[in-house]
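Novice: Give me the fold of what follows.
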Amino acid sequence: MAVLWAGTVWRAYGHGREVERLRAAAVTATADAGRMRGELDAYRAETMRLHQASVDIEAWLDRLRDAKPKIIERYNRVIEMHPLPADCRPGPDRLRELNTAIEAANTAITNQHGEALQTIRVGDGG
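Specialist: Coordinates of the predicted model:
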């Protein structure tokens, strides 16, 4: 009988310790869940901010795409309506400016093609 009583006491003691362990685990889980909820809310806010930035950039690019043909058409119309005289020669300063602009355009085109090739090489594994 004493053994039965000791076993029951030991079991009750063990059960009490298990309950305390589960309560501590629940408190820890609740704190972790609160922290994770805060991180999730921050992630959602950042995602929404990035989405809005993406929408704004795409709208801006659409406006630029729409403006590009208009600019080219306007330039061509001006050239056709008001061509330069046959004997027109740019002055030295204007010639330097034109050469600088041509070099800058060529460099930009070369860089774009170089970056595209670099991207293709990296994408193919080297």
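Novice: Mind checking what secondary structure Pro83 has?
Specialist: Using DSSP: H, G, I helix; E, B strand; the rest coil, the structure places Pro83 in coil.
Novice: and Ser54, how many neighbours?
Specialist: If you count neighbours by other Cβ atoms under 10 Å, Ser54 ends up with 10. In this view, the C-beta of every residue, glycine as well, is placed from N, C-alpha and C.
Novice: Ok, the one 10 residues further on next?
Specialist: Burial measure for Leu64: 10 neighbouring residues, criterion other Cβ under 10 Å.
Novice: And for Arg89?
Specialist: As a burial measure, Arg89 scores 8 neighbours (other Cβ under 10 Å).
Novice: same thing with the one 5 residues further on?
Specialist: In terms of burial, Arg94 registers 10 neighbours under the definition other Cβ under 10 Å.
Novice: Torsion angles phi and psi at it?
Specialist: Arg94 adopts backbone torsions of phi -70, psi -40, taken as degrees, to the nearest 10.
Novice: Kindly report the same for Pro85.
Specialist: Backbone torsions of Pro85, given as degrees, to the nearest 10, read phi -60, psi 160.
Novice: Equivalent analysis for Asp87, please.
Specialist: Phi and psi for Asp87, reported as degrees, to the nearest 10, are phi -90, psi 10.
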